[in-house]
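Participant: Make a model of this:
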Amino acid sequence: MPKKHDNPCIQDSRLTKLETVLEQVKEDNEDFQQSLKEHKKTIEANTIAIKEQLATWNAIKYMLGVFLIIFGSLFTLFVWEFIKMI
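Facilitator: Numbering: from 1, shown residues only. Coordinates of the predicted model:
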């Protein structure tokens, strides 16, 4: 069994080291929490940007569909009229 140190200087030294480590852990935890908050803000901003981009692409697809329907119909009418002329 290890010999117990009753020397107050040794006990104070250990306590001081533990307090120093505890303070460092607290600082690291605060830094980590701040980093998490910043990361969360970045994720939210990226999510909003992705949703906006998706909405834009959906609008473009809708406009392209309308464009194809209109010009496809006109092309069909022209072909029909051409066939009727023959």
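Participant: where does the protein have low pLDDT?
Facilitator: 1-11 (pLDDT under 70).
Participant: the helices in it, which residues?
Facilitator: 8-85 (DSSP state H).
Participant: For the residue nearest the centre of it, give its distance to Thr56.
Facilitator: Against the mean C-alpha coordinate of the chain, by C-alpha atoms, centre = their mean, the closest residue is Ile43 at 2.5 Å. Ile43 is 20 Å from Thr56, where distance means C-beta to C-beta, to the nearest Å. Heads up, the C-betas are built off the backbone N, CA and C, glycines and all.
Participant: Please apply the same query to Ile86.
Facilitator: Between Ile86 and Thr56 the distance is 45 Å, computed by C-beta to C-beta.
Participant: With Lys37 instead?
Facilitator: From Lys37 to Thr56 the distance is 29 Å (C-beta to C-beta).
Participant: neighbour-wise, which of Ile86 and Thr56 wins?
Facilitator: Thr56 (10 against 4; other C-beta atoms under 10 Å).
Participant: Check which residues of stretch 48-62 are buried.
Facilitator: By neighbour count on 16 or more other C-beta atoms under 10 Å, the buried set for stretch 48-62 is empty.
Participant: Could you check how far Ser35 is from Lys41?
Facilitator: 11 Å.
Participant: got it, and Leu77?
Facilitator: Distance from Leu77 to Lys41, counting by C-beta to C-beta: 55 Å.
Participant: And for Ile60?
Facilitator: On the measure of C-beta to C-beta, Ile60 and Lys41 end up 29 Å apart.
Participant: again, but for Trp57
Facilitator: 25 Å.
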